[in-house]
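Asks: Sequence plus predicted model, see below.
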Amino acid sequence: EVKTFLATCGNPLLGHLLDPKEIKKSLHEIDKNSDGEISLEEWDAIVEKALDEKLKKLRAERAKREAAERAEEEALTQKFLAMARKIFEMIDKDYSGTITKEEMVDAVENDNEIVDFLQNSGNLIFKQLLHPKRLEKALADLDTDSDGEISTQEWVE
């Protein structure tokens, strides 16, 4: 248990206490007052330094994981928005920049790619577009300016 602690505590001076070639040098560096003994205060100081080093390493690893997670979320967001825009363009048959109820009905009745996206988007309103009984409400929910058409901005919000 002591050997494991010294080997993994994060402070090379403590780890070197396990190495016969390095033990004298390490003891000398730990013994700050050079009295030939390691006092409790000297021991606590080196252990606190080891703990600080371990915590810094842990924080750095956590920050790296969080950065990777943020990058993954950003990539997923960009991919999802790109697909949502592509689907919008596929539904917008007249290239008006808006989707009408007729275009939406035609899309969900005749285009499997659009249906697949709507089903798997994770967006409840998009899923409701697939159900005739819920279509009107879903369109109204998407049509935030109540002009009777869904704009690109309304679609991706």
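Replies: Nice, I can see it.
Asks: What's the mean pLDDT across the longest helix along the chain?
Replies: In the chain, assigned by DSSP state H, the helix with the most residues is helix 40-91. What helix 40-91 shows for mean pLDDT is 93.
Asks: same for whichever helix or strand comes after it, what does it pack against?
Replies: Per DSSP states H and E, the first helix or strand lying C-terminal to helix 40-91 is strand 98-99. Counting contacts by 3 or more Cβ pairs under 8 Å, 6 or more residues apart in numbering; DSSP states H and E, strand 98-99 is packed against strand 150-151. All C-beta atoms are positioned from the backbone trio N, CA, C, and that covers glycine.
Asks: Show me what the helix or strand immediately after the strand it packs on in the chain is packed against.
Replies: As assigned by DSSP H and E, the chain's next helix or strand after strand 150-151 is helix 152-156. Packed against helix 152-156 by the contact rule (3+ Cβ pairs under 8 Å, 6+ apart) you find helix 40-91.
Asks: and the gap between the residue in the chain sticking out farthest from the centre and residue 23?
Replies: Distance from the C-alpha centroid of the chain, by Cα atoms, centre = their mean, peaks at residue 35 (51.9 Å). Distance, residue 35 to residue 23, using Cβ to Cβ, to the nearest Å: 17 Å.
Asks: For residue 38, give its distance to residue 31.
Replies: 6 Å.
Asks: do the same with residue 39
Replies: 8 Å.
Asks: between the two, who's got more neighbours?
Replies: Here residue 39 and residue 31 are compared on neighbour count by other Cβ atoms under 10 Å; more neighbours surround residue 31, at 16 against 13.
Asks: Could you verify my assumption that the more buried one touches residue 41?
Replies: No - the criterion here is Cβ atoms under 8 Å, and residue 31 misses it with residue 41 at 11.1 Å.
Asks: Report the central residue of the chain.
Replies: Closest to where the C-alpha atoms of the chain average out (Cα atoms, centre = their mean) is residue 69, at 2.5 Å.
Asks: The helix or strand hosting residue 106 - contacts with which helices or strands?
Replies: Taking DSSP H and E as the definition, one finds residue 106 inside helix 101-110. Secondary-structure packing of helix 101-110 (3+ Cβ pairs under 8 Å, 6+ apart): helix 40-91, helix 112-120, helix 132-142.
Asks: Kindly calculate the angle that the second one makes with helix 132-142.
Replies: Meaning helix 112-120. With axes from the mean of the first three to the mean of the last three Cα atoms, to 10 degrees as the basis, helix 112-120 and helix 132-142 are set at 80 degrees to each other.
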